[in-house]
Structures are given as C-alpha cells and as structure tokens.
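Colleague: Next input, structure requested:
(one chain, ligands or ions: 2)
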Amino acid sequence: MNAVLKNIGIIGAGQMGCGIAHVSAAAGYRVHVYDLSQDRIESGLATINGNLARLVTNGKMTEEERKSTLSLISGSSDVNDLAPSDLVIEAATEDETVKRKIYTQVCPVLKPEALLATNTSSLSITRLAAATDRPERFMGIHFMNPVPVMKLVELVRGIATDEKTFSAAKEFVGTLEKTITVAEDFPAFIVNRILLPMINEAIYTLYEGVGTVDAIDTAMKLGANHPMGPLQLADFIGLDTCLSIMQVLHDGLADSKYRPCPLLVKYVEAGWLGRKSGRGFYDYRGEVPVPTR
Ligand SMILES: CC(=O)CC(=O)SCCNC(=O)CCNC(=O)[C@H](O)C(C)(C)COP(=O)(O)OP(=O)(O)OC[C@H]1O[C@@H](n2cnc3c(N)ncnc32)[C@H](O)[C@@H]1OP(=O)(O)O
Ligand SMILES: NC(=O)C1=CN([C@@H]2O[C@H](COP(=O)(O)OP(=O)(O)OC[C@H]3O[C@@H](n4cnc5c(N)ncnc54)[C@H](OP(=O)(O)O)[C@@H]3O)[C@@H](O)[C@H]2O)C=CC1
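Modeller: Ligands and ions are numbered 1, 2, ... in the order given. Okay, here's the model as predicted:
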C-alpha cells in the first residue's frame, strides 16, 4: 500500500469505477465509491462481490481475503463522503460537461492536499484540470477494462501536473501490481488512439456490408488472434464510450480518418450501448449473445 495515499475515492459506480474499487481494496486501500443513485452503487457493489467470489472459486483468493476486501469498500450518493479521500479517481461517463460539473461539486469537499485523477479514455487532461481548483494535483490514471484482469495503466500528465502528483500516482498504481505506460496529453492517449480507429473501421466494415457481425468478429479472433472480435469488444467497452472517443479524436486531430461510423452513431441514438444496456452489435437478453446484424 502507498505510504501517503490511504483513502481512495471513486466517482462513478459503472464498470470502470467498480473495477478500480475492486483492485484498490484488494491491495489494502480503504475505498469509497460515489455515484448519483443508491441503486447504481448497490448493483456496483454486487458486481464487485461477484467478481471476488469468482476469484475464491478459482482458488485465486481466500474467503477471508474476499471478506476483508469487501469490508474496505463503502458507497454512497452523498458527495461529502469523499472528504477523507487522499486520492479521488473520477470514472464517470465519458462526457466533458459531466466531468466538469462533477469537479465543480467535488473540489470544495476535498482536502486541499488531496489528489484528483480522471480515468478518461480520451479527453484532454489539461482542459479537465482547468475545471478544478488543483491543476497541479490533477492527472490522468487510465485503467483498462476489465480492470482486475488487464495489466496496463496509462499515466497522463496535464500541462500543470506537478512531479509529486505524478510520483504518488505511479507508486499507487505500482501497489496494484499493474504496469504503467506514460502517454502525452493528446486525444485518446496511446491505447485508444490505436484501438478505437480499428473498432470504428470494423463498424464501417459492417456498415458497408463487407461482412456480418459474426464474420467480422470471427475474422479478427481467428485471423489476428485477438481475444475478442472488434464488435464484441465495442459492446464490452460501451458504444457510447466508443462514440465519445471517436468524436474526441475527430475534433481534436481534425482528420477525416477519425470520422465516427454513422452506424455507431445510430446504435448510440437507439440506446443500444452494448452489454451494459443489454443490446449493441449483439443482443445479450437471451442465454447466448445473438448478433443484431
Ligand atoms: C476504452 C478504454 O479506455 C481502454 C480499454 O479498456 S480498451 C479495452 C481493453 N480490453 C480488452 O481489449 C479486453 C479484450 N478481451 C480479453 O482480454 C478477454 O476476452 C477477457 C480477459 C475480457 C476475458 O477473457 P476470456 O478468456 O475470454 O474469458 P474468461 O475465461 O471468462 O475470463 C478470463 C479471466 O478474466 C476474468 N474476467 C473476465 N471478465 C471479467 C470482468 N468483467 N471483471 C473481472 N474479471 C473478469 C475471468 O473471471 C477469468 O478469470 P480466471 O482466469 O481467474 O478464471
Ligand atoms: N468502458 C471501458 O472500457 C473504459 C472506460 N474508461 C473510462 O472510464 C469512465 C467510466 O466508464 P464506464 O465505467 O465504462 O462507464 P459506465 O457508463 O459503466 O459508468 C459511468 C458511471 O458514472 C455515473 N455518473 C454519471 N454522471 C455522474 C455524476 N454526475 N456523478 C457521479 N456519477 C456519475 C453513471 O451513472 P448513470 O448511469 O446513472 O448515468 C455510471 O454509473 C469514462 O470516462 C470512460 O471513458 C476507461 C477505460 C476503459
């Protein structure tokens, strides 16, 4: 455990917030998860418990470790409960307006010396930092999904991030047994700058009728040895998040090669956001996922 950062606050009880809470508590940190609704928090805590229980079943964690990990995690919809946090990691919806509003509400509650980080997939760290009262103690700590499984965390400094903040974040991520990579503050950093155009291209391949959902995913799984097909992965990430990242790339780099596929836009407009909403390129409402095209 990090010597300075003992209490970790998480904003957003979605798939990423819960994953970060899981790995932080498993490393011995006290974690508080904040989200807008109590229902969200309860379903998030149930997901964490389910994932911990699976580790026990697989012999990767003892029952005592599961209990002690869970006992370190609390949750509430009261922003004031983030006050004891030494480090807050914001993992709310990938929308700059939402994140800015959150910082306006959260900063006055935090200790002046507390660090604030964002798990954003794509947004400018420098611009987000400017919406806080602590740009020098703000940076990007970008975990990958699913957090308990993926080894990488990207660290991204904003223009004002100070060295103390960067070192503390680096040490914290090291205690979670993750490998860091440092990215400069450009749209979508490293992983998503490369991954999301590939996913977007897979959606164009579907849109133009080159292949079906099944053909495209099978092609990339068996033809390129990817663990998931690109459309399956898009559903896993969340199609709203994929679209936001493509929009940030398109706007930020002003190059038409990043144009979000109209089919991706259509799916998001329909509320077909992938696994989390029950339907995306696959329909998850039955026993097995069924392609929707
Ligand atoms: C968008 C961004 O900003 C950045 C990103 O994150 S981009 C997305 C990056 N992530 C990826 O590319 C993931 C690609 N997919 C994979 O690596 C794999 O399909 C996977 C790890 C998700 C699942 O692996 P799999 O072998 O197909 O399935 P499965 O055997 O069920 O799972 C492997 C392990 O992961 C665990 N796991 C799977 N999904 C999980 C989840 N959502 N949460 C926690 N653990 C999970 C399983 O419990 C299993 O653990 P054991 O080895 O202890 O049994
Ligand atoms: N999905 C992925 O693969 C990855 C995502 N990320 C990034 O992590 C962040 C979260 O993504 P992810 O977990 O997938 O998204 P989810 O949609 O699963 O979760 C987002 C959560 O934030 C909540 N939220 C929205 N507005 C607020 C608010 N004002 N205050 C508190 N909570 C709020 C949402 O609540 P509600 O549903 O009620 O709106 C939801 O519970 C994003 O920035 C994303 O880009 C980073 C790496 C990988």
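
Colleague: so which helix or strand takes in T241?
Modeller: helix 239-253 (DSSP states H and E).

Colleague: Take that helix, keep the C-alpha atoms, and write them as CSV.
Modeller: Taking Å, rounded to 0.1, in the frame of the first residue of the first chain, the C-alpha atoms of helix 239-253 are listed here in CSV:
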residue,chain,number,x,y,z
LEU,A,239,-20.9,2.0,-27.6
ASP,A,240,-21.5,5.5,-26.0
THR,A,241,-17.9,5.5,-24.8
CYS,A,242,-16.6,4.3,-28.2
LEU,A,243,-18.5,7.1,-29.9
SER,A,244,-17.2,9.7,-27.4
ILE,A,245,-13.6,8.6,-28.0
MET,A,246,-14.0,8.8,-31.8
GLN,A,247,-15.6,12.3,-31.5
VAL,A,248,-12.6,13.4,-29.4
LEU,A,249,-10.2,12.0,-32.0
HIS,A,250,-12.1,13.6,-34.8
ASP,A,251,-12.5,17.0,-33.2
GLY,A,252,-9.0,17.0,-31.6
LEU,A,253,-7.0,15.9,-34.6
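
Colleague: Could you look up the SS state of the residue lying closest to D35 once chain neighbours are set aside?
Modeller: In this structure, D35 finds its nearest non-sequential neighbour in A13, 3.9 Å apart by CB to CB, 6 or more residues apart in numbering. Glycine gets a C-beta too; all of them are placed from N, C-alpha and C. Recorded secondary structure, A13: coil (DSSP: H, G, I helix; E, B strand; the rest coil).

Colleague: Convert the C-alpha atoms of stretch 145-161 to CSV, please.
Modeller: Taking Å, rounded to 0.1, in the frame of the first residue of the first chain, the C-alpha atoms of stretch 145-161 are listed here in CSV:
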residue,chain,number,x,y,z
ASN,A,145,-11.3,-2.9,-18.9
PRO,A,146,-11.8,-5.3,-17.2
VAL,A,147,-9.6,-3.7,-14.5
PRO,A,148,-9.0,-6.8,-12.4
VAL,A,149,-7.6,-8.6,-15.4
MET,A,150,-5.8,-6.0,-17.5
LYS,A,151,-2.2,-5.3,-16.6
LEU,A,152,-1.8,-1.9,-18.1
VAL,A,153,-2.5,1.6,-16.7
GLU,A,154,-1.7,4.7,-18.8
LEU,A,155,-0.4,7.7,-16.8
VAL,A,156,-1.0,11.1,-18.4
ARG,A,157,0.2,14.5,-17.1
GLY,A,158,-1.6,17.7,-17.9
ILE,A,159,0.5,20.8,-18.5
ALA,A,160,0.3,21.8,-14.9
THR,A,161,0.7,18.3,-13.2
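
Colleague: Report whether that stretch contacts ligand 1.
Modeller: Yes. Legend: contact between stretch 145-161 and ligand 1 by CB under 6 Å from any ligand atom is shown at N145, P146, P148, V149, M150.

Colleague: residue of the chain with the smallest distance to ligand 2?
Modeller: Closest approach between the chain and ligand 2, counting by CB to the nearest ligand atom: G14, at 1.8 Å.

Colleague: and the closest residue to that residue other than its chain neighbours, how many neighbours does it have?
Modeller: Take G14 and drop its neighbours on the chain: the residue closest to it by CB to CB, 6+ apart is A91, 6.7 Å away. Other residues lying near A91 total 27 when counted by other CB atoms under 10 Å.

Colleague: Quick check: the gap between A91 and I11.
Modeller: 6 Å (CB to CB, to the nearest Å).

Colleague: A160 too?
Modeller: Distance from A160 to I11, by CB to CB: 21 Å.

Colleague: out of those two, which sits in the busier spot?
Modeller: Applying other CB under 10 Å to A160 and I11 shows that I11 carries more neighbours, namely 26 against 17.

Colleague: The more buried one contacts V109, correct?
Modeller: No. At 11.1 Å, I11 does not count as touching V109 under the criterion of CB atoms under 8 Å.

Colleague: The protein: helices as residue ranges?
Modeller: Taking DSSP state H to define them, one finds helices in the chain at 15-26, 38-57, 63-71, 96-106, 125-129, 163-175, 191-207, 213-224, 230-237, 239-253, 262-269.

Colleague: Dump those helices into a markdown table; add mean pLDDT, distance to L155 and mean neighbour count as well.
Modeller: Shown next, in a markdown table, are those (pLDDT from 0 to 100; distance: least, CB to CB, whole Å; neighbours: other CB atoms under 10 Å):
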| stretch | mean pLDDT | distance to L155 | mean neighbour count |
| --- | --- | --- | --- |
| helix 15-26 | 98 | 14 | 25 |
| helix 38-57 | 97 | 24 | 16 |
| helix 63-71 | 97 | 24 | 14 |
| helix 96-106 | 98 | 18 | 16 |
| helix 125-129 | 98 | 10 | 21 |
| helix 163-175 | 97 | 6 | 17 |
| helix 191-207 | 98 | 12 | 19 |
| helix 213-224 | 98 | 28 | 16 |
| helix 230-237 | 98 | 20 | 25 |
| helix 239-253 | 98 | 18 | 21 |
| helix 262-269 | 98 | 28 | 17 |
